[in-house]
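> A structural model of the following input is requested.
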Amino acid sequence: MMENKYKIIVSYIQDLSVEIPSPESLITIRNTIPEYQMKVNIASKPLKRKMIEVQTTLTYENPNKKKINGFFQIKYATAIDILDLKIKKDELEKIVLCDLQTKIYPELEQKFLTILKNSGLPDLKFGKKIDFEELYKARLN
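The predicted structure follows:
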């Protein structure tokens with residue numbers, strides 16, 4: 001972890017989508033929830049004064065269905081300040097894709113889970129945790 005190379009300035013839910021078209025849809029979603037999968041997407045853009053905005057998007061959907069019964073997505077924005085002015089590009093990439101994600105993910109997942117439970121999926125539990133270290137290493141190979 002390169003904890004001393006950056007600091008989180010602010011993090012917040014930037015966008016949220018919960019789509020349950022009808023009561024029938026909700027019943028179908030509840031019955032097929034084990035098939036749902038979490039997808040993660042990470043994007044970043046530079047801000048002023050050595051700051052970076054990192055967008056972590058979680059999409060929870062059923063990959064097996066032809067017609068969409070439900071769609072759940074949260075976009076979480078985190079602004080970080082880069083403290084190390086001589087940081088290398090690959091170090092910065094690791095911070096954005098791995099270290100920061102590992103740090104913010106537990107809170108992000110909890111917020112998303114709470115929203116989905118309050119949206120009519122009270123028994124929802126997400127499957128295995130996302131291992132950002134593993135994803136990052138796989139990306140390098």
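> buried residues, the strand of greatest length in the chain. List them.
Of all the elements of type strand in the chain, the one with the most residues (DSSP state E) is strand 6-19. Across strand 6-19, burial judged by 16 or more other Cβ atoms under 10 Å covers Tyr6, Ser11, Val18. For glycine as for every other residue, the C-beta is placed from the backbone atoms N, C-alpha and C.
> let me know how buried the closest residue to Glu19 other than its chain neighbours is, in neighbour terms.
Once flanking residues are discounted, Glu19 sits nearest to Phe71: 4.2 Å by Cβ to Cβ, 6 or more residues apart in numbering. Phe71 has 15 neighbours, counted by other Cβ atoms under 10 Å.
> got it, and Asn69?
21.
> in the protein, which helix has the most residues?
For the chain, the helix reaching the highest residue count under DSSP state H is reported as helix 100-118.
> what helices and strands are in contact with that helix?
For helix 100-118, the packing partners by 3 or more Cβ pairs under 8 Å, 6 or more residues apart in numbering; DSSP states H and E come out as strand 6-19, strand 51-61, strand 71-82, helix 132-140.
> report the buried residues of the shortest one.
Right, the one you point to is helix 132-140. Phe132, Tyr136.
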